[in-house]
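Visitor: Here's my sequence, what's the structure:
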Amino acid sequence: MMLKKYKLLAGYSILSGLLCLFFSLSFYACSDKNDIDSKQQVIARVGDRVITLDEFKYSYEFSFAPLRAGNNPKKVYLDYMIKELLLANEGYSNGLNHSPYVISRINRRKRNDLLEAFYHKYVYGRVNIPEDKLQDATKKATVKWRMIMWPVNSREEALQIRQETQNSSLKDYIGEQLKKQDVPLKNQKFFETDWLDFYDMRPEFLNSIEDLEIGKTSEPIPYGDGFLLVQILDINLHGIKEDELKYGVKREKMRQRLFDVQADSISSAVMDSVLTPREVRLKGPVLEQIVPLLYQWIQDGLPRYDSLLETIEQPADTAAEYIKSLGEMLDQSLVTTIDSSISVRDYLDYMNYYRKTLNQSSSEKDFRSRFITEVGRMIKNKTFIAIAEKEGFADSSAIRTDLEKWERKWTYDLQRYKFIQGLDVSDDELQDFYKNRWRELQIADIDSTRLYKYEDEAYNMLLHEKHMAVINVKLKELKQRYPVWINKELLQQIDVDSSSKSQEISVFVSKKFSGEFAVPTADIKWIHYK
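Guide: I've put the predicted structure just below:
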């Protein structure tokens with residue numbers, strides 16, 4: 001069984017929870033056909049498509065809490081899933097599953113599924129953490145340091161500062177230097193670390209400070225293009241019981257850290273073995289031309305919803321010059337290998353989905369470094385995905401099931417949009433709301449001079465009402481074409497947390513590997529517009 005790592009994020013709730021789980025890729029498998037496997041229990045049928053027990057359970061547990069309300073939350077939530085399947089069925093009838101919106105998302109999900117499958121076979125499956133190494137690391141992590149660090153450009157400068165602070169302290173020296181700033185840019189806390197243990201530091205850095213006395217200035221430590229001076233502010237020693245070395249939270253946290261470190265090492269080795277023979281070459285002139293253009297675009301703000309590539313290929317009349325310049329570069333080769341070439345167009349299509357790291361750039365120089373790393377990651381991922389496809393991973397039941405469920409979800413999304421597109425709220429309707437229904441905004445009293453503060457809330461409330469009026473009419477029609485059957489007995493037997501407390505908690509499950517949601521859950525738009 002191929003296992004996936006997931007991270008849980010809590011939100012939209014009074015109470016939030018954090019939990020780390022491992023799930024099979026196929027844990028919520030179900031079929032969209034009539035010939036249901038005898039091992040799968042069907043909880044509802046909508047036309048010729050079904051909702052299975054497992055699909056319902058995981059969607060229910062990891063959904064928005066407000067969607068699980070009322071005296072019978074399981075029935076309430078199942079009704080939302082049925083409504084979505086009714087709309088999805090209509091979407092399939094209209095061919096919306098073949099639309100660019102659905103196809104592009106399916107292709108992206110498939111690529112991530114294949115990449116994850118590759119990592120599970122060739123990276124995670126090869127991780128081996130010996131028991132003695134795990135216990136030794138858990139012991140070492142009981143020692144934590146808190147430090148203050150001062151970066152300098154040269155070793156000579158570092159040695160001079162170290163000499164000056166022999167009879168005082170580096171902390172005092174930093175404080176004096178910051179006082180000399182005409183415009184304070186950073187305070188002293190900026191240069192102080194949190195508590196760090198040996199696994200938070202590179203081995204060469206740890207070797208430089210592990211025997212350093214509290215209050216003393218370290219020897220110059222190479223760092224980037226310069227050097228660091230370090231003063232230890234405090235050392236914290238945590239005791240650990242013998243039993244904690246064999247089981248418990250501390251051991252599990254260290255096991256995960258060791259797993260990640262070893263996985264990264266194996267991944268790098270696999271990448272080198274695959275990419276080195278391909279002679280990957282980044283085109284220098286193209287790199288120097290594209291970096292300032294993309295960095296300026298990031299500074300001005302990338303489009304949040306529109307495709308980066310389409311924005312460049314179909315520029316608005318008021319488009320910035322860097323957009324036009326990027327358009328002229330689309331067919332230029334950015335990277336070459338012995339068997340392929342990656343154009344600027346190819347990278348921008350990739351960047352549309354992987355831009356978070358680039359958005360965090362602090363300068364053009366930082367952006368350039370991140371950009372080169374991202375280009376390398378793109379080549380690596382494409383290579384690994386190609387290997388996974390060649391080995392037939394795409395035909396696994398786990399990946400096929402995952403794609404089927406998300407295709408259905410995205411087909412629903414598009415069909416719902418088709419039904420309600422064009423609906424809007426007029427100024428007259430807003431004014432009528434303020435006059436007759438302002439109490440629904442849950443404010444103490446009306447004040448016409450403050451109405452503008454509630455315009456978004458009023459607008460969204462009225463627009464949601466319009467949407468639901470149309471959707472409810474459509475649902476009545478769809479039920480005639482796609483008969484609904486519910487296994488009420490099985491619904492009552494399902495073991496899920498339906499307590500009042502669970503209706504206050506939302507736990508969103510996303511894959512640690514890609515950050516994508518692990519399972520489709522009911523749409524919050526059944527309750528409100530935004």
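Visitor: Check the burial of the nearest residue to Arg155 once chain neighbours are set aside by counting its neighbours.
Guide: Excluding its sequence neighbours, the residue lying closest to Arg155 (Cβ to Cβ, 6 or more residues apart in numbering) is Pro220, at 5.1 Å. Bear in mind the C-beta positions are built from the backbone N, C-alpha and C, glycine included. Pro220: 21 surrounding residues under other Cβ atoms under 10 Å.
Visitor: With Asn107 instead?
Guide: 11.
Visitor: Please point out which parts of the host helix or strand of it sit buried.
Guide: Using DSSP states H and E, Asn107 sits in helix 100-122. Buried residues in helix 100-122, counted by 16 or more other Cβ atoms under 10 Å: 102, 105-106, 109-120, 122.
Visitor: any weak-confidence spans in the stretch 351-500 of the chain?
Guide: 443-452, 498, 500 (pLDDT under 70).
Visitor: All the helices of it, residue numbers only.
Guide: 356-359, 364-390, 397-420, 427-436, 455-481, 488-493 (DSSP state H, counting those that start in this stretch).
Visitor: most packed of those?
Guide: Highest mean neighbour count among the helices of the stretch 351-500 of the chain (mean count of other Cβ atoms under 10 Å): helix 397-420, with a mean of 20.
Visitor: just to revisit the earlier point, export the helices of the stretch 351-500 of the chain to CSV and tack on distance to Asn167?
Guide: Putting the helices of the stretch 351-500 of the chain into CSV (distance: least, Cβ to Cβ, whole Å) gives the following:
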stretch, distance to Asn167
helix 356-359, 44
helix 364-390, 38
helix 397-420, 65
helix 427-436, 72
helix 455-481, 62
helix 488-493, 77
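Visitor: Please name whichever of those helices is nearest to Lys283.
Guide: In terms of Cβ to Cβ, the element of the helices of the stretch 351-500 of the chain nearest to Lys283 is helix 364-390, at 10.2 Å.
Visitor: thinking in terms of the whole chain, how far from its middle is the closest one?
Guide: From the chain centre to the centre of helix 364-390 is a distance of 17 Å (Cα atoms, centre = their mean, to the nearest Å).
Visitor: for it, packing partners?
Guide: helix 100-122, helix 249-275, helix 284-300, strand 333-336, strand 341-343, helix 344-351, helix 356-359 (3 or more Cβ pairs under 8 Å, 6 or more residues apart in numbering; DSSP states H and E).
Visitor: which one of the ones you listed lies closest to Ser397?
Guide: helix 100-122 (12.1 Å).
Visitor: got the contact list for the helix or strand that comes right after the closest one?
Guide: Once helix 100-122 ends, the next helix or strand along the chain (criterion: DSSP H and E) is helix 131-140. Helix 131-140 is contacted from outside by 197-199, 240, 244-246, 250-251, 254-255, 257-258, using Cβ atoms under 8 Å, 6 or more residues apart in numbering.
Visitor: Among the residues you listed, which one sits closest to Asn153?
Guide: After measuring the contacts of helix 131-140 against Asn153 - Cβ to Cβ - the closest member comes out as Phe198, at 28.2 Å.
Visitor: Give me the neighbour count for the closest one.
Guide: Phe198: 16 neighbours (other Cβ under 10 Å).
Visitor: ok now do Leu309, which residues does it touch?
Guide: So Leu309 contacts Arg345, Leu348, Asp349, Asn352 (Cβ under 8 Å, 6+ apart).
Visitor: what about the second one, neighbour count?
Guide: Residues lying near Leu348 (other Cβ under 10 Å) number 22.
Visitor: Kindly report the same for the third one.
Guide: Using other Cβ under 10 Å, the number of residues around Asp349 comes to 16.
Visitor: Excluding chain neighbours, what is closest to it?
Guide: Nearest non-adjacent residue to Asp349 (Cβ to Cβ, 6+ apart): Leu309, at 5.1 Å.
Visitor: How far away from the center of its chain is whatever helix or strand the one you found lives in?
Guide: Using DSSP H and E, the element containing Leu309 is helix 308-313. Computed by Cα atoms, centre = their mean, the chain-centroid distance of helix 308-313 equals 23 Å.
Visitor: Also stretch 258-265?
Guide: Between the centre of stretch 258-265 and the centre of its chain there are 20 Å (Cα atoms, centre = their mean).
Visitor: I figured Arg109 was touching Thr401, is that so?
Guide: No. Between Arg109 and Thr401 there is no contact under Cβ atoms under 8 Å: 11.9 Å.
Visitor: Now for Lys525, how many residues are close by?
Guide: Lys525: 15 neighbours (other Cβ under 10 Å).
Visitor: Quick check: the gap between it and Tyr173.
Guide: Counting by Cβ to Cβ, to the nearest Å, the gap from Lys525 to Tyr173 is 58 Å.
Visitor: what about the nearest residue in space to Thr311 that is not next to it in sequence, which SS state?
Guide: Of all residues not flanking Thr311 in the chain, Pro303 sits nearest, at 5.6 Å (Cβ to Cβ, 6+ apart). Here Pro303 is recorded as coil under DSSP: H, G, I helix; E, B strand; the rest coil.
Visitor: My guess is Pro303 contacts Gln314. True?
Guide: No. Counting by Cβ under 8 Å, Pro303 sits too far from Gln314 to count as a contact (11.9 Å).
Visitor: circling back: using PDB, write out every CA atom in the helix holding Asn107.
Guide: Below are the C-alpha coordinates for helix 100-122, written out as PDB (Å, rounded to 0.1, in the frame of the first residue of the first chain):
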ATOM      1  CA  PRO A 100     -10.200  23.600 -19.800                       C
ATOM      2  CA  TYR A 101     -11.100  24.400 -16.100                       C
ATOM      3  CA  VAL A 102     -11.500  20.800 -15.100                       C
ATOM      4  CA  ILE A 103      -8.800  19.300 -17.400                       C
ATOM      5  CA  SER A 104      -6.100  21.700 -16.200                       C
ATOM      6  CA  ARG A 105      -6.800  20.900 -12.600                       C
ATOM      7  CA  ILE A 106      -6.900  17.200 -13.200                       C
ATOM      8  CA  ASN A 107      -3.600  17.300 -15.100                       C
ATOM      9  CA  ARG A 108      -2.000  19.300 -12.200                       C
ATOM     10  CA  ARG A 109      -3.400  16.800  -9.600                       C
ATOM     11  CA  LYS A 110      -2.200  13.900 -11.700                       C
ATOM     12  CA  ARG A 111       1.400  15.300 -11.900                       C
ATOM     13  CA  ASN A 112       1.500  15.800  -8.200                       C
ATOM     14  CA  ASP A 113       0.100  12.300  -7.600                       C
ATOM     15  CA  LEU A 114       2.700  10.800  -9.900                       C
ATOM     16  CA  LEU A 115       5.500  12.800  -8.300                       C
ATOM     17  CA  GLU A 116       4.400  11.700  -4.800                       C
ATOM     18  CA  ALA A 117       4.200   8.100  -5.900                       C
ATOM     19  CA  PHE A 118       7.800   8.400  -7.300                       C
ATOM     20  CA  TYR A 119       9.000   9.700  -3.900                       C
ATOM     21  CA  HIS A 120       7.300   7.000  -2.000                       C
ATOM     22  CA  LYS A 121       9.000   4.300  -4.000                       C
ATOM     23  CA  TYR A 122      12.500   5.800  -4.600                       C
END
